[in-house]
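Enquirer: Model the following, please.
(chains A and B)
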Amino acid sequence: MSASPTYQQRRAARLDDPSMERLRTPRARRLLAAGLILVLVAEAVLIGTAALVPVGVFIGGMLVLIVAMVFTLGGLKASTRGVEELSPDVLDERQAQIRGLVYALSYRVLSVVFVLTVVLMLVAQGSWWAAPFQVMVIIPVISWQLIITIPTFVTALRMKV
Amino acid sequence: MKKQVQDAPPQFYTRLPVLRAERGMSRKELAELAGVHYQTIGYLERGEYSPSLVLALRIAAALGVPLDAVFSLTPFTSMADQLYNPEGDHR
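Expert: Now for the predicted structure:
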C-alpha cells in the first residue's frame, strides 16, 4: 500500500497540471506579471482614495482586487510550476538548482525594494511634505505584497522552468 | 554576451535522445524511471543542463547501458559510422 501524498506533493502536482501549459509561455508569464503589478497599483490607488469613496465602494473594490490577485498570482505560480515555493523534497535536482538561483536573485531585488521602501517612508515623513495618512499605509502594504511575490516574479521572468 | 554563451562549446555530449528513441521510451517514462521531472530530460537531451553523477548513473541504468554510452566529454561518433564504418574511415 502506498503512502498518501503529502501536502507538498499534492501542491506540486496541482501546479504542474498539464492543462495550464498555455500559461507557461514567456508571453503569458509577462502578461500575468504585468497583471499582478496592475492589481498592486490599483490597490494603492484604492487605498489612496479611500477617504473619498463610500465604504461600500472601497470594500467592493478591495474584494474585486483580492479575487484578481488570487487569479493572477495563482496563474503566475502555475506558470512557474511553483518551483520557487515548493519544498526541495518534491523538486528534482534541476528544479532545486533553479530554486537556489531564484532566491539568490530575489535577495538582491528584495534589498532594492527594502531600500526604496525606507527612502519613501523617510520622504513621506519629511517636514517639507505633509504626506497624507494613506501614503503611510500604501507604502508598507504594497512593499510587503511585492516582497512576498518577488520570488514568483523572478522565476516567471528570468528562469527557464 | 548572449552570443558568447551561444557560441561556447557544450559542457558535455549525450546520446540520450537516440538511446531513448531506440527503446521507444517517452521523456515522461524515462523521467519516471530516473526520478526527475520530464522537462529535465528535455534539458539534458539538448545539453542545457549538466546532470549530477547520481542522475547520470540513474539514466544509464534506466536505459540499460554504461554511463559512458550516454554521456561524454568528447563528441560521440555517429551511430551510422559505428555500425557501417567501424574501421574509422569517416568521410
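
Enquirer: Most proximal residue of chain B with respect to chain A?
Expert: Among all residues of chain B, B:Val36 sits closest to chain A, at 3.9 Å; criterion: C-beta to the nearest C-beta. Just so you know, the C-beta spots here come from the backbone N, C-alpha and C atoms, and that holds for glycine as well.

Enquirer: Can you give me the neighbour number for that residue?
Expert: Look at B:Val36: counted by other C-beta atoms under 10 Å in any protein chain shown, it has 24 neighbours.

Enquirer: got the phi/psi numbers for it?
Expert: Backbone torsions of B:Val36, given as degrees, to the nearest 10, read phi -130, psi 170.

Enquirer: Contacts only, for the residue nearest to it when sequence neighbours are not counted.
Expert: Distance criterion C-beta to C-beta, 6 or more residues apart in numbering or on different chains; nearest residue to B:Val36, sequence neighbours excluded, is A:Asp92 at 3.9 Å. By C-beta atoms under 8 Å, 6 or more residues apart in numbering or on different chains, the contact list for A:Asp92 reads B:Gly35, B:Val36, B:His37, B:Thr40.

Enquirer: can you do 10 Å?
Expert: Applying C-beta atoms under 10 Å, 6 or more residues apart in numbering or on different chains, we find A:Asp92 in contact with A:Ile98, B:Ala31, B:Ala34, B:Gly35, B:Val36, B:His37, B:Tyr38, B:Gln39, B:Thr40, B:Leu55.

Enquirer: mind giving me a markdown table with those residues and columns for secondary structure?
Expert: Formatted as a markdown table, the contacts of A:Asp92 follow (DSSP: H, G, I helix; E, B strand; the rest coil):
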| residue | secondary structure |
| --- | --- |
| A:Ile98 | helix |
| B:Ala31 | helix |
| B:Ala34 | helix |
| B:Gly35 | coil |
| B:Val36 | coil |
| B:His37 | coil |
| B:Tyr38 | helix |
| B:Gln39 | helix |
| B:Thr40 | helix |
| B:Leu55 | helix |
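
Enquirer: Show me where chain B has its helices.
Expert: Taking DSSP state H as the criterion, chain B contains helices spanning B:2-7, B:16-22, B:27-34, B:38-45, B:53-63, B:67-70, B:79-84.

Enquirer: ok, back up a step: can you flag the buried ones in the contacts of A:Asp92?
Expert: Among these, those classed as buried by 16 or more other C-beta atoms under 10 Å in any protein chain shown are A:Ile98, B:Ala31, B:Ala34, B:Val36, B:His37, B:Tyr38, B:Gln39, B:Thr40, B:Leu55.

Enquirer: Up against chain B, what does chain A have?
Expert: Within chain A, the positions adjacent to chain B are A:12, A:16, A:24, A:81, A:83, A:91-95, A:97-98, A:160-161 by C-beta under 10 Å from any C-beta of the partner chain.
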